[in-house]
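In: here's a sequence, model it:
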Amino acid sequence: MTTRSHGLGSVARTIIGRTPSSEQSDDPASSPSAFSSSSLDRPSCVAWHPSGFLLVADTGNHCIKRVTVEGTIEPFAGKEGEAGTLDNDDDALGARFREPRGMAVDGAHNVLVADAKNHRIRAVLADGRVVTAAGSGVRGSSDGYSTEASFNGPRSLCVDNTGVVYIADSGNHMIRRLGTDGTVTVVAGTGEAGSVDGPLDQSRFWYPYGVCVDK
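Out: Take a look at the predicted model:
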């Protein structure tokens, strides 16, 4: 699995990960870069950290990696290949995730993670601690405060400029909101799969996989 970059007016280029040999090309533009020796398993999201590195959700390896501008690939949170639910007050590498997917970095440099198979929203705090921001860990669709709420395979999230987190709660066919007070509520979707437009509390989604805000 690979992560690729593509700028306007340029060619796509692999920056991290290995391309299967059956897909290799003789085109110089497709040649591996210095980043390409790292093996990824189903990477599902990248996010730029204001400190100057790229974060990669290495979903199949149950961890998050970072790529520095010098070309170094380093562990950022979790242990490669080891799934779990552990938070950690000392070291992000001591925490465990289970198929992390969406990521977003807030204004305080905390990294929010949609920990899909743990049905939780996790946070890698700027001081290195990993905490559960929301979600009981039991599949469900309950609103409530922080870990009293429940999710069903959250796939993506984003943070607005006030610190509110919006979540594509894929298995519940909903868009959810985690407020700055820690309360989880429904933004849109009835919980039934569909493609109905209309008022937020009557609209329907079909396994939403992405979400973003315009400011």
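In: give me the phi and psi angles of the residue nearest to Val130 when sequence neighbours are not counted.
Out: Closest residue to Val130 apart from its sequence neighbours, by C-beta to C-beta, 6 or more residues apart in numbering: Ala95 at 3.6 Å. (Each C-beta comes from the backbone N, C-alpha and C, glycine too.) With angles defined as degrees, to the nearest 10, Ala95 sits at phi -80, psi 170.
In: now for Ala95, how many residues are close by?
Out: Neighbouring residues of Ala95 were enumerated by other C-beta atoms under 10 Å; the total is 27.
In: ok, now how distant is it from Val187?
Out: 28 Å (C-beta to C-beta, to the nearest Å).
In: how about the secondary structure of the most centrally placed residue in the chain?
Out: With distances taken as C-alpha atoms, centre = their mean, Gly102 lies nearest the centre of the chain, 1.8 Å away. Here Gly102 is strand, with the state taken from DSSP: H, G, I helix; E, B strand; the rest coil.
In: contacts only, for it.
Out: For Gly102, the contact set (C-beta atoms under 8 Å, 6 or more residues apart in numbering) comprises 44-45, 57, 113-114, 154-158, 167-168, 210-211.
In: can you lay out these as JSON lines showing pLDDT, neighbour count and distance to Asp181?
Out: What follows is these, written out as JSON lines (pLDDT from 0 to 100; neighbours: other C-beta atoms under 10 Å; distance: C-beta to C-beta, whole Å):
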{"residue": "Ser44", "pLDDT": "93", "neighbour count": "21", "distance to Asp181": "29"}
{"residue": "Cys45", "pLDDT": "96", "neighbour count": "22", "distance to Asp181": "26"}
{"residue": "Ala57", "pLDDT": "97", "neighbour count": "31", "distance to Asp181": "27"}
{"residue": "Val113", "pLDDT": "99", "neighbour count": "29", "distance to Asp181": "20"}
{"residue": "Ala114", "pLDDT": "99", "neighbour count": "31", "distance to Asp181": "20"}
{"residue": "Pro154", "pLDDT": "99", "neighbour count": "29", "distance to Asp181": "19"}
{"residue": "Arg155", "pLDDT": "98", "neighbour count": "22", "distance to Asp181": "24"}
{"residue": "Ser156", "pLDDT": "98", "neighbour count": "23", "distance to Asp181": "22"}
{"residue": "Leu157", "pLDDT": "98", "neighbour count": "25", "distance to Asp181": "17"}
{"residue": "Cys158", "pLDDT": "98", "neighbour count": "19", "distance to Asp181": "18"}
{"residue": "Ile167", "pLDDT": "99", "neighbour count": "28", "distance to Asp181": "16"}
{"residue": "Ala168", "pLDDT": "98", "neighbour count": "26", "distance to Asp181": "21"}
{"residue": "Gly210", "pLDDT": "95", "neighbour count": "12", "distance to Asp181": "25"}
{"residue": "Val211", "pLDDT": "96", "neighbour count": "21", "distance to Asp181": "20"}
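In: about what we covered before: wouldn't the residue nearest to Val130 be in contact with Asp89 here?
Out: No. Here Ala95 does not reach Asp89: they are 9.5 Å apart, not a contact under C-beta atoms under 8 Å.
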